[in-house]
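# After the sequence you'll find the predicted model.
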Amino acid sequence: MLRSSFSRSLRTIQTRLNQMALHVGAQNSAAEGLTLAEIPKSNNFTSKLPPDPAFETPEASHSVSREHLGPRLVKGALYTYVRPEKPEDPELLGVSPKALEDLGLKLEEAQNPELKEIVSGNRFFWSEEKGGVYPWAQCYGGWQFGEWAGQLGDGRAISLAEITNPKTKVRYELQLKGAGRTPYSRFADGKAVLRSSIREYIVSEALHALGVPTTRALSLTLLPKSKVIRERIEPGAIVARFAETWLRIGTFDILHARNDRDLIRKLAEYVAEDVFPGWESLPGAVRTPQQGGSAADVDDPPRNIPPKEIQGKEGEEQNRFARLYREIVRRNAKTVAAWQAYGFMNGVLNTDNTSIYGLSMDYGPFAFMDNFDPQYTPNHDDHMLRYSYKNQPSIIWWNLVRLGESLGELIGAGDQVDDETFMTKGVSEAQAPVMIKRAETIISQTADEYRTVFLNEYKRLMTRRLGLRVFQESDFDSLFSELLDMMEQLELDFNHFFRRLSELPISELETDEQRQARASVFFHEEGVGGIGNTEESARRRVGEWLAKWRARVLEDWQGVDDGERRDAMKRVNPKFLPRSWILDEVIERVEKKGDREILGRVMNMALHPFEDSWNEKYREEEERFCGDVPRFKRAMMCSCSS
Ligand code: AMP
Ligand code: MG
């Protein structure tokens, strides 16, 4: 009863946000770092959260053959101990140097046979004699395309261990995708194809280089002997990937669906204490000045100021679980703002692909935008355009409302959340109305917070991308919206626009004639597109926008050399993005032509997207990859069969 009334009223809150369809490194010196075998490992996740009761210990799992660890329902647990399948003749195709650095590993690890063994699934950090950390697959569920899909889980991903960078102290969970079947594989084979693995390997690292929160990729391994059946027979592969956490909204969803109150609470506590830096780091905490900082960056002022209405006594109206919810909401708001600002689409924003840490994750049919088109979805099967560019902000909120439902009881309990009877028996009939009301109020206020954080971050990023120093409220309509409308109508390339704008000297845009003459730098090779546009009308429209933009640049950069503005813009507007057509070419060359060099070159470009050039010897190829997207390769779509 309680759960369904939560769901009903929360659905009203979410429709309010559906109107929000907004158009809207340091180098490692070679000798530094550890080997992957040496680096400190831990197993907080498996030691603090309950295992699959069928295989309660590493020994229990290790003693059975892998066939016994196949698909079934797993209840009362957050994971199953399961080892990777041993691959035949794996070939290490690439290692991300930036990933090595961020993990605290030596750059030479890329050549270490021991690393190759680990990232291909041949070796892990546990033995019968010495113990250690045994690999595991997580249990989760999810809402897929708006429908409850039941138990999902890591069907082909197996985590090897948590590893902590000794310098930065950041802890990551290292995981192999495509390492064989697990209890969560359902009807599938536990494998990943080379095609989708190349895409994830390059693009997760590219998003990180752009400053977008994301899961990462350490390496890509080809499994030449593994023949994987999709639309055709394809080679298999493994991506070794890592993230601060792989927990997602779907992890809470499955517990909520099974009404596992104890485990929801336990998981929430784990997230606050073990994934985030502790309860006191969450927004709205009453803290002494000495305690200072917070879990995420401090660049947005509203962060620690709860909306006026909920500034009530901490622990009463807004208890610690409400604050945890707000942290998760805020992180996701920032990430989706970054997707909108850089034209990235996840493609399958189901709750099982929505991180509680606000990371971009999953890497299925994602894409970067070519021509600006708010309706675009890279997902071939998404006929309703549910996960299209313009819907991403409202869909992420839809997912966060599902999380609000899972945490609803804890949020609604207010200061009674630790009462013995609430903990053991749940919400009584008498308490229900007050608690439901409280949860609704907090979640609906968090909706406003989501909107505010999203808009602030979006404005901050767009302001930087347009080379402005200070956001003015009028910029939103006169610059941002007009730019997006113009790009859509003239079918201009979204990301090229910003880079080309970065390179235009302001001194060449003084008169209407100059502006209209320069407008063509934004046009495709074949000329302007869009219904009813002529070369002349397009030049006029772009010229008018450039006039407004120029005035704002002059206002913001008074007296500063224009070269500085151009440099600042180039530092946030990538020249290179691994777009779908480029990934297709890389896949073709690696898979069909045995090219082993292209992957490293493209990864290098992806890791340094703001450079002008990367390797003199390959200048022509680089310019081709950074140039106009070939006409019939724009806005490509992808199926989910990865
Ligand atoms: P995705 O659409 O990639 O987010 O996957 C949804 C669910 O299906 C997750 O639980 C995956 O682990 C599982 N899954 C997808 N592909 C496979 C596969 N080839 N083998 C086993 N499980 C898979
Ligand atoms: Mg997924």
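Noted; the coordinates are in hand. Ligands and ions are numbered 1, 2, ... in the order given.
# how far does stretch 231-243 sit from the chain's center?
19 Å (CA atoms, centre = their mean, to the nearest Å).
# Kindly report the same for stretch 105-123.
For stretch 105-123, the distance to the chain centre is 25 Å (CA atoms, centre = their mean).
# Domains in this protein, by residue range?
Listed domain ranges for the chain are 31-246, 259-338+347-463, 466-642 (source: automatic domain parsing).
# Is there contact, residue-wise, from the second one to ligand 1?
Yes: Domain 259-338+347-463 reaches ligand 1 (CB under 6 Å from any ligand atom) through 348, 352-353, 362, 364. (Glycine included, C-beta is placed from N, CA and C.)
# Using CSV, lay out the residues you listed together with secondary structure, neighbour count and distance to ligand 2.
Conversion of the residues of domain 259-338+347-463 next to ligand 1 to CSV gives the following (DSSP: H, G, I helix; E, B strand; the rest coil; neighbours: other CB atoms under 10 Å; distance: CB to the ion, whole Å):
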residue, secondary structure, neighbour count, distance to ligand 2
Val348, coil, 22, 7
Asp352, helix, 23, 5
Asn353, helix, 22, 5
Asp362, coil, 21, 4
Gly364, coil, 20, 7
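# just the residues you listed now: which is nearest Arg386?
Val348 (9.4 Å; CB to CB).
# Next, the contact list for the closest one, please.
Applying CB atoms under 8 Å, 6 or more residues apart in numbering, we find Val348 in contact with 144, 362, 364-365, 379, 382, 387, 640.
# let's go with 6 Å and repeat that
Shown in contact with Val348 (CB atoms under 6 Å, 6 or more residues apart in numbering): Gly364.
# Just give me the longest strand of this protein.
Criterion DSSP state E: the longest strand present in the chain is strand 216-229.
# and that strand, how far from the chain's centre?
On CA atoms, centre = their mean, the centre of strand 216-229 falls 22 Å from the chain's centre.
# who does the helix or strand just after that strand pair up with?
Past strand 216-229, further along toward the C-terminus, the next helix or strand under DSSP states H and E is strand 233-243. Here strand 233-243 is paired, per DSSP bridges, with strand 171-177 (antiparallel), strand 192-193 (antiparallel), strand 216-229 (antiparallel).
# now the ones you listed as CSV including mean pLDDT?
Listed next are the strands paired with strand 233-243 as CSV, based on pLDDT from 0 to 100:
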stretch, mean pLDDT
strand 171-177, 98
strand 192-193, 98
strand 216-229, 97
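# In CSV: those strands, plus mean neighbour count.
Shown next, in CSV, are the strands paired with strand 233-243 (neighbours: other CB atoms under 10 Å):
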stretch, mean neighbour count
strand 171-177, 23
strand 192-193, 24
strand 216-229, 21
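# of all the domains of the chain, which lies closest to Phe252?
domain 259-338+347-463 (3.9 Å).
# of all the strands paired with strand 233-243, which lies closest to ligand 1?
strand 192-193 (6.5 Å; CB to the nearest ligand atom).
# now that closest one, how far from the centre of its chain.
Worked out by CA atoms, centre = their mean, strand 192-193 lies 20 Å from the chain centre.
# Could you identify the helix or strand that succeeds it?
Following strand 192-193 toward the C-terminus (DSSP H and E): helix 194-210.
# Convert the C-alpha atoms of that next one to PDB, please.
Presented in PDB, the C-alpha positions along helix 194-210 are these (Å, rounded to 0.1, in the frame of the first residue of the first chain):
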ATOM      1  CA  LEU A 194      35.400  -6.400 -30.100                       C
ATOM      2  CA  ARG A 195      33.300  -3.800 -31.800                       C
ATOM      3  CA  SER A 196      31.500  -2.600 -28.700                       C
ATOM      4  CA  SER A 197      34.700  -3.000 -26.600                       C
ATOM      5  CA  ILE A 198      36.700  -0.700 -28.900                       C
ATOM      6  CA  ARG A 199      33.900   1.800 -28.500                       C
ATOM      7  CA  GLU A 200      33.900   1.700 -24.700                       C
ATOM      8  CA  TYR A 201      37.700   1.600 -24.400                       C
ATOM      9  CA  ILE A 202      38.100   4.800 -26.400                       C
ATOM     10  CA  VAL A 203      35.000   6.800 -25.500                       C
ATOM     11  CA  SER A 204      35.000   6.300 -21.800                       C
ATOM     12  CA  GLU A 205      38.600   7.700 -21.700                       C
ATOM     13  CA  ALA A 206      37.600  10.500 -24.100                       C
ATOM     14  CA  LEU A 207      34.700  11.600 -21.800                       C
ATOM     15  CA  HIS A 208      37.100  11.700 -18.900                       C
ATOM     16  CA  ALA A 209      39.500  13.900 -20.900                       C
ATOM     17  CA  LEU A 210      36.600  16.300 -21.600                       C
END
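# and it, is it in reach of ligand 2?
No: Helix 194-210 lies out of reach of ligand 2 by CB under 5 Å from the ion, never closer than 11.0 Å.
# dump the residue contacts of Ser639.
Ser639 touches His380, counting by CB under 6 Å, 6+ apart.
# Could you check how far it is from Asp382?
11 Å (CB to CB, to the nearest Å).
# repeat for Ser355
20 Å.
# Could you do Asn495 as well?
Counting by CB to CB, the gap from Asn495 to Asp382 is 22 Å.
# Which one's more surrounded, those two?
Asn495 (23 against 20; other CB atoms under 10 Å).
# what's Asp612 sitting at in phi/psi?
phi -90, psi -30 (degrees, to the nearest 10).
# Can you tell me who the closest residue to Ile233 other than its chain neighbours pairs with across the strands?
The shortest distance from Ile233 to any non-neighbouring residue, by CB to CB, 6 or more residues apart in numbering, is to Lys227 (5.1 Å). Counting by DSSP bridges, Lys227 is bridged to Pro235.
# Next: Phe344.
Phe368.
# Relative to Val203, how far out is it?
Applying CB to CB to Phe344 and Val203 gives a distance of 9 Å.
# before we move on, what SS does the closest residue in space to Ile229 that isn't next to it in sequence have?
Nearest non-adjacent residue to Ile229, counting by CB to CB, 6+ apart: Asp189, 7.5 Å away. What DSSP: H, G, I helix; E, B strand; the rest coil gives for Asp189 is coil.
# Could you do Gly358 as well?
Strictly by three-state DSSP, Gly358 counts as coil.
# That one - how many residues pack around it?
Gly358: 23 neighbours (other CB under 10 Å).
# pLDDT averaged over the helix or strand where Pro393 lies - what is it?
Counting by DSSP H and E, the element that carries Pro393 is helix 392-412. Mean pLDDT, helix 392-412: 98.
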